[in-house]
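Visitor: Quick one, structure for this:
(one chain, ligands or ions: 1)
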Amino acid sequence: MATSSPTWTKLASLTDVPDGESKAVRIGDTRSVALFNVDGRIHATDNQCPHMGYPLTRGTIRHGVLTCEWHGRNFDLEAGGCFNFECDDLETFPAEVRGADIWVELPEWEYLRKDEHMQLLQEGLLSEDRWTISKAIALLLKGGVSEDEVVALVLRHIGRHISTSHGSEGCEDVSRLVNGLNVGRRYDAEDRLIALSTAACAVSGPAAKRHDVMPLPDPVSWEQIDRWVRVFSRDSQSGRIERCLFTGHGLGCADRILPLLLECAVEPRFLGFPDNITALVFLSEAVDQFGWDQASELVFNLGAKLVGRGRGVPERFRRDAVELMAELKEAEGSGSGAYDEDAFAAALTSGSVERSFRAVADALNSDAPLDRIITTLVMLAADRMARTPVNVEAGWHELTTEMNLAASLRSVQRVAGDDVAAMGVYHVAWELFAHRWVNIPHRALSEALPSTGSDVTVDRVVESIRTLNVHGVGDEALSVLNGGASAEALAHEVGRAILWDNTGSRIVPTLRTVVEEWSRADGHPAQSQLLVGLVRYATDVRTNSDSGSSATTAMRFAEGRTTVEVFDR
Ligand code: FES
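Guide: Numbering: from 1, shown residues only. Sure thing, here's the model as predicted:
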């Protein structure tokens with residue numbers, strides 16, 4: 001904050017602030033100014049402690065140092081400098097005694113602390129402190145800094161964080177960030193801040209310095225890069241892939257990088273590594289949204305780690321599946337048989353990898369467009385989520401993997417083309433086979449589930465999520481949908497309930513998939529299962545631990561309120 005047309009204002013009488021005492025004076029709706037009388041001299045500061053907003057009038061002063069009562073942050077009473085880490089400086093104001101009154105020179109409010117708050121966000125990301133991250137984001141947004149600029153900083157952090165602290169498991173961070181941001185855009189105010197803060201917190205952590213990756217010396221062509229990446233992927237040499245990708249970008253071939261990585265990721269040898277495909281899809285979204293300048297380190301490093309990861313020795317089923325997929329891929333023809341969705345789904349859940357993969361080959365050779373086949377995969381996964389038994393082990397990780405992998409094939413199709421997405425269908429089939437232990441009886445997707453209730457409202461469904469009514473919430477959601485309520489309204493309120501629980505960042509990838517797949521499934525008999533499966537999942541894994549207190553407090557903080565006022569509210 002800085003002076004722009006400052007005005008002197010009478011804030012109190014001298015008798016209101018006796019020697020050694022302090023007084024808070026409210027300015028406008030939210031902010032308050034602290035007046036201190038130290039040995040007969042009046043000092044004026046913002047009353048909100050820059051750390052977490054405690055009223056500084058409750059602090060103590062010794063040797064010109066103001067100490068906040070709550071966590072003990074120290075400030076120079078005269079100029080406001082803070083002596084501690086992860087805390088802004090305190091704003092101070094000129095004060096004068098005129099006759100019997102105290103006058104303070106108050107500036108017009110103008111946001112000039114962007115650099116400090118960007119630094120604060122960076123510190124919060126490094127120290128993994130949820131409050132610091134939430135506060136910095138709330139202050140930046142309140143100051144008019146664009147959400148894109150805030151996210152760009154987070155994206156640069158995750159690039160360095162993953163490149164220096166994570167292996168291929170960093171794809172989980174990318175999923176939570178990209179999907180959290182995507183879901184957050186459907187909300188506003190506190191809901192949006194909680195989504196943004198949660199996404200940023202999910203990718204916080206150490207980010208050490210590292211040497212720049214240098215491009216390979218000239219002459220190198222894209223054709224060589226393409227060939228080497230495939231070879232190094234086969235040989236699990238991720239470090240060499242990163243340098244190749246960096247070089248390919250320097251050759252002006254940026255738009256070929258993600259298609260190449262996806263081609264590697266769908267190879268048969270990566271059966272059983274579904275996060276390769278989903279993470280590459282999220283990386284391509286990050287590039288689309290923020291450009292290569294912001295996303296390059298993340299894409300090159302994590303992309304290389306994914307397609308260059310070790311696969312271990314495959315067990316018998318996976319070894320057979322890899323060989324079968326390679327064989328079927330070679331034998332692909334241009335058949336035109338009729339597509340039978342129920343028969344296809346039955347084969348996928350038959351527990352026989354041979355039957356499942358041959359059904360995939362038949363479907364890909366049938367008259368069905370790839371998009372239709374992907375819809376079947378998504379609806380099958382949704383139906384399994386809607387019906388999985390929840391008494392023992394529901395298999396949520398496995399079931400959501402099936403659904404999110406299936407839905408990601410639409411982006412694979414867009415980024416890398418039909419042939420690559422078609423290979424991805426085998427990967428979904430493998431996941432379904434590998435999860436055969438999840439005990440869900442098969443049923444035909446062409447039959448809609450019968451509704452079991454009536455007069456159920458959206459609020460009732462949300463209440464069931466909050467009260468962990470996992471045995472009833474699915475039927476309630478189905479009743480709401482069959483009763484003609486808006487699916488968008490149900491999804492929106494369910495999404496809010498998800499965002500405000502500390503399991504939110506885990507669920508947002510599936511929440512996003514369900515919302516995006518809903519309209520694509522229009523007219524499909526199993527469409528309702530998308531939302532039924534989501535509410536059952538969200539309810540069963542919910543902990544009812546509020547993740548939002550730091551976000552709401554941060555929002556009030558950004559308005560200038562002290563913590564006491566926030567809690568009083
Ligand atoms: S030190 Fe003042 S609120 Fe924490």
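
Visitor: near the ligand, which residues of this protein?
Guide: With CB under 6 Å from any ligand atom as the criterion, the chain meets the ligand at residues 49, 51, 52, 53, 54, 68, 70, 71, 72, 73. For the C-beta atoms, the positions are set from N, CA and C on the backbone; glycine is no exception.

Visitor: Narrow those residues to those that are buried.
Guide: For the residues of the chain next to the ligand, a neighbour count by 16 or more other CB atoms under 10 Å gives the buried set as 49, 51, 52, 53, 54, 68, 70, 73.

Visitor: among those residues, which two are most distant?
Guide: With distances taken as CB to CB, the most widely separated pair in these is 53 and 73, at 11.3 Å.

Visitor: phi, psi of residue 8?
Guide: Phi and psi for residue 8, reported as degrees, to the nearest 10, are phi -80, psi 130.

Visitor: residues in contact with it?
Guide: Applying CB atoms under 8 Å, 6 or more residues apart in numbering to residue 8 gives the contacts 96, 103, 104, 105, 106.

Visitor: Show me what it is bridged to.
Guide: Using DSSP bridges, the bridge partners assigned to residue 8 are residue 105.

Visitor: From residue 96, how far off is it?
Guide: Look at residue 8 and residue 96: by CB to CB, to the nearest Å, they are 8 Å apart.

Visitor: For those two, list the residues in contact with both.
Guide: Common neighbours of residue 8 and residue 96 (criterion: CB under 8 Å, 6+ apart): 103, 104.

Visitor: export the residues of the chain next to the ligand to CSV and tack on secondary structure and pLDDT?
Guide: Putting the residues of the chain next to the ligand into CSV (DSSP: H, G, I helix; E, B strand; the rest coil; pLDDT from 0 to 100) gives the following:
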residue, secondary structure, pLDDT
49, coil, 93
51, coil, 90
52, coil, 86
53, coil, 88
54, coil, 91
68, coil, 96
70, coil, 92
71, coil, 92
72, coil, 94
73, coil, 95
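
Visitor: Can you pull out the residues in contact with the helix or strand encompassing residue 35?
Guide: Here residue 35 is covered by strand 31-38, with elements defined by DSSP states H and E. Contact with strand 31-38 is made by 11-12, 16-27, 42-48, 55-57, 61, 64, 66, 77, 93, 95, 102, 104, 106, 560-562, as judged by CB under 8 Å, 6+ apart.

Visitor: Can I have the buried ones of the residues you listed as a PyMOL selection?
Guide: Per 16+ other CB under 10 Å, the buried members of those correspond to this PyMOL selection:
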select buried, resi 11+12+17+22+23+24+25+27+42+43+44+45+46+47+48+55+56+57+61+66+77+93+95+102+104+106+560+561+562
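
Visitor: Check the stretch 151-300 of the chain for the residue nearest the ligand and tell me.
Guide: As assessed by CB to the nearest ligand atom, the ligand sits closest to residue 197 within the stretch 151-300 of the chain, at 18.4 Å.

Visitor: what's the closest non-adjacent residue to that residue?
Guide: With CB to CB, 6 or more residues apart in numbering as the criterion, residue 197 has its nearest non-adjacent residue at 4.3 Å, and that residue is residue 134.

Visitor: likewise residue 373?
Guide: Of all residues not flanking residue 373 in the chain, residue 363 sits nearest, at 5.2 Å (CB to CB, 6+ apart).

Visitor: is it true that the one you found touches residue 372?
Guide: No. At 9.0 Å, residue 363 does not count as touching residue 372 under the criterion of CB atoms under 8 Å.

Visitor: shared neighbours, the two?
Guide: residue 339.

Visitor: just to revisit the earlier point, just name whatever secondary elements the next helix-or-strand element following the strand holding residue 35 is in contact with.
Guide: As assigned by DSSP H and E, the chain's next helix or strand after strand 31-38 is strand 41-46. Judged by 3 or more CB pairs under 8 Å, 6 or more residues apart in numbering; DSSP states H and E, strand 41-46 is in contact with strand 31-38, strand 92-93, strand 95-98, strand 101-106.

Visitor: what phi and what psi does the backbone show at the residue sitting furthest away from the middle of the chain?
Guide: Relative to the centre of the chain, and counting by CA atoms, centre = their mean, the farthest-placed residue is residue 99 at 57.6 Å. Backbone geometry at residue 99, expressed as degrees, to the nearest 10, gives phi 60, psi -120.

Visitor: which stretches of this protein aren't confidently modelled?
Guide: 1-5, 332-336, 452-454, 546-549, 564-569 (pLDDT under 70).

Visitor: Show me where it has its strands.
Guide: For the chain, applying DSSP state E gives strands covering 7-13, 22-27, 31-38, 41-46, 60-62, 65-67, 74-76, 92-93, 95-98, 101-106.
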